[in-house]
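**Q** Just a sequence and a predicted model for now, questions to come.
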Amino acid sequence: MLIARLIAEPDTLSASLEAATAQMEAGGVRVATAAMLEFCGQTLQIGSPDSDAQEMRAAIEAHFAPCDALIAQDEPQVPHVFVSDMDSTMIGQECIDELADFAGIKPQIAAITERAMRGELDFISALKERVGLLAGIDERAIRQCLDERITPVDGARALVATLKSRGCHTVLVTGGFHHFADPVAEMLGFDAVVANRLEIAGGKLTGGLIGPIVDSAVKKATLVGEMAKLGEGAISLATGDGANDIPMLEAASYGIAYRAKPVARDAANGWIDRGDLTSVLRLLGIDEKEWVRG
């Protein structure tokens, strides 16, 4: 059974359901059920015995946008593993861009970041180029940047805390840096962190990195590795926003693109375009009364 859950304005849901159903059925998707879910007045569930997710997605995009949605092969369940990107997903900033501001080079680095996240540049080359431009920045700027610039995305704490309360193992995996990711993970309650490590000498950034680089392959491998520990039948959730998140999003049972670049959004089977990260909980079917406010 193909299941789509979506969150939109109530008026949009009721007014567009008939047209969306007609489009799906014209595309060969037989709509088995379409009913409002009681736990959220803005959430609609559509079921089909067919498995043409692209046709279902096209109808959702055409008639309910902007919306938050998840298309799954079965009734969505609470995942056993949650792996998430950090920058512009769990926090509202790109850490490297904010750190660059202390050196007066934010526009140059932000432009490279944007192109890399859109998939226009090789991630590793773009990362090395940007880190190289940070050479000479005082290490203390990292702490100042954390204190003054870095803030969690709305709903991030509730998402992590609620999933953990259900026994879900949570991992923050980022192409960013441990200097930022470790405090962010502690703040949000993640169980583990996978990140890059900046090289520092004499209290200043050298412009280099220490150890292997966390790229899209490492992100996917982290999710796959966590799933392997749990064995067959384990369910995974991944969230991200950029091109380097695509393999991880595609490998997850539920890959949800959060306010994402088009390439990442198109690759995911779920997306958040209008709400905050608590929309993920709604799409999983977790009643708001059961949320843990982290």
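**A** Perfect, I can see it now.
**Q** got any ranges where the stretch 51-200 of the chain has weak pLDDT?
**A** Within the stretch 51-200 of the chain, no range satisfies pLDDT under 70.
**Q** all helices of it, in order?
**A** Taking DSSP state H, counting those that start in this stretch as the test, the helices found in the stretch 51-200 of the chain are 53-64, 95-101, 106-117, 123-133, 140-149, 156-165, 178-188.
**Q** burial measure for Thr21, as a count.
**A** As a burial measure, Thr21 scores 18 neighbours (other Cβ atoms under 10 Å). Where C-beta positions appear, they are placed from N, C-alpha and C, glycine not excepted.
**Q** Doesn't it lie inside a helix?
**A** Yes: under DSSP: H, G, I helix; E, B strand; the rest coil, Thr21 falls within a helix.
**Q** so how far is Glu75 from it?
**A** 19 Å (Cβ to Cβ, to the nearest Å).
**Q** now do Glu232
**A** Remark: distance between Glu232 and Glu75 (Cβ to Cβ) = 19 Å.
**Q** between these two, who's got more neighbours?
**A** Glu75 (11 against 6).
**Q** Going by neighbour count, which residues in stretch 271-290 are buried?
**A** Neighbour counts using 16 or more other Cβ atoms under 10 Å place 271-273, 275-286 of stretch 271-290 among the buried residues.
**Q** How far does stretch 258-273 stretch from one end to the other?
**A** Using Cα to Cα, to the nearest Å, one end of stretch 258-273 lies 7 Å from the other.
**Q** Buried residues in it, which are they?
**A** By neighbour count on 16+ other Cβ under 10 Å, the buried set for stretch 258-273 is 258-261, 263-265, 267-273.
**Q** ditto for stretch 205-215
**A** Those would be Leu205, Thr206, Gly207, Leu209, Val214, Asp215, for stretch 205-215 by 16+ other Cβ under 10 Å.
**Q** what's the closest of these to Thr170?
**A** Checking these against Thr170 by Cβ to Cβ gives Val214 as the nearest, at 16.8 Å.
**Q** how about Leu146, what does it touch?
**A** By Cβ atoms under 8 Å, 6 or more residues apart in numbering, the residues touching Leu146 are Phe180, Pro183.
**Q** Any figure for the gap between it and Leu198?
**A** As judged by Cβ to Cβ, Leu146 and Leu198 stand 13 Å apart.
**Q** Tell me the confidence at Cys40?
**A** Listed pLDDT for Cys40 reads 49.
**Q** try the one 5 residues further on
**A** What the model reports as pLDDT for Gln45 is 87.
**Q** Pretty sure Ile286 sits against Ala161.
**A** No: between Ile286 and Ala161 there is no contact under Cβ atoms under 8 Å: 11.7 Å.
**Q** Turn the helices of the stretch 51-200 of the chain into TSV, columns for distance to Arg293.
**A** Output for the helices of the stretch 51-200 of the chain, formatted as TSV (distance: least, Cβ to Cβ, whole Å):
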stretch	distance to Arg293
helix 53-64	28
helix 95-101	25
helix 106-117	30
helix 123-133	35
helix 140-149	23
helix 156-165	6
helix 178-188	13
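**Q** Please settle this for me: is Leu44 part of a strand?
**A** Yes: checked against three-state DSSP, Leu44 lies within a strand.
**Q** neighbours around the residue nearest to it when sequence neighbours are not counted, how many?
**A** Counting by Cβ to Cβ, 6 or more residues apart in numbering, Leu44 lies nearest to Leu13, which is 4.9 Å off, once chain neighbours are set aside. Leu13 has 21 neighbouring residues, counting by other Cβ under 10 Å.
**Q** what does Leu198 give?
**A** Neighbours of Leu198 under the rule other Cβ under 10 Å: 23.
**Q** beta partners for the nearest residue in space to it that is not next to it in sequence?
**A** Nearest non-adjacent residue to Leu198, counting by Cβ to Cβ, 6+ apart: Phe177, 5.1 Å away. Note on Phe177: beta-bridge partners Asn196, judged by DSSP bridges.
**Q** how close does Phe177 get to Asn196?
**A** 5 Å.
**Q** Confirm Ala257 sits in a helix?
**A** No: Ala257: not assigned to a helix; according to three-state DSSP it is strand.
**Q** quick one: Ile46 and Val29 touch, right?
**A** No: assessed by Cβ under 8 Å, Ile46 is found out of contact with Val29, at 9.1 Å.
**Q** Give the residues shared as contacts by the two.
**A** Met56.
**Q** per-domain residue ranges of the protein.
**A** Following automatic domain parsing, the chain resolves into domains at 1-75, 77-294.
**Q** so which of the ones you listed is the most packed in?
**A** domain 77-294 (a mean of 19; mean count of other Cβ atoms under 10 Å).
**Q** Alright, calling it a day.
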